[in-house]
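1. Okay, sequence plus prediction incoming.
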Amino acid sequence: MKVLLETTGNRKGYKNFDRIEDFGDFMDKNGEKITKFQILEEDDINTIDSDLQAFANECKTLMMKIYNYWLNELHQDKRYGKLPQATQHLLNALANIETYINKGN
């Protein structure tokens, strides 16, 4: 991410950081020297949300495949009795991902 910084001596300049944590570390060490800053390039939140939506779709697809297979083929075999729990875990993951995506918008 690219940040425009202004120091107490009225000097302005750009500084690039690979991660937001690197920017935080920089500000921890140099914050008393910085009077203003502006983040010019942030992580593309749309890309992150798009990736998370793809993960949610995969969870949904996998959940439905497992559940349908269990319902149609395996429900009478006690060895596979925990498959509905697996689908519930996928459903929980799906709900958590979608909650995160919706909070971001």
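-> Great, that's in hand. Numbering: from 1, shown residues only.
2. Looking at this structure, which helix is longest?
-> helix 45-69 (DSSP state H).
3. Contacts for it, please.
-> Contacts with helix 45-69, where a contact means CB atoms under 8 Å, 6 or more residues apart in numbering, come from 83-84, 86-87, 90-91, 93-94, 97-98, 100-101, 104-105. Where you see a C-beta, it was placed from the backbone N, CA and C, and this is true even at glycine.
4. tell me the helices in the chain, going along the chain?
-> 20-30, 45-69, 83-104.
5. and the longest one with helix 83-104, angle?
-> In this case it means helix 45-69. 160 degrees (axes from the mean of the first three to the mean of the last three CA atoms, to 10 degrees).
6. partner residues bridging residue 4?
-> Legend: beta-bridge partners of residue 4 under DSSP bridges are residue 14, residue 38.
7. what about it, how many neighbours?
-> By other CB atoms under 10 Å, 13 other residues sit near residue 4.
8. Which pLDDT value goes with residue 42?
-> At residue 42, the model reports a pLDDT of 58.
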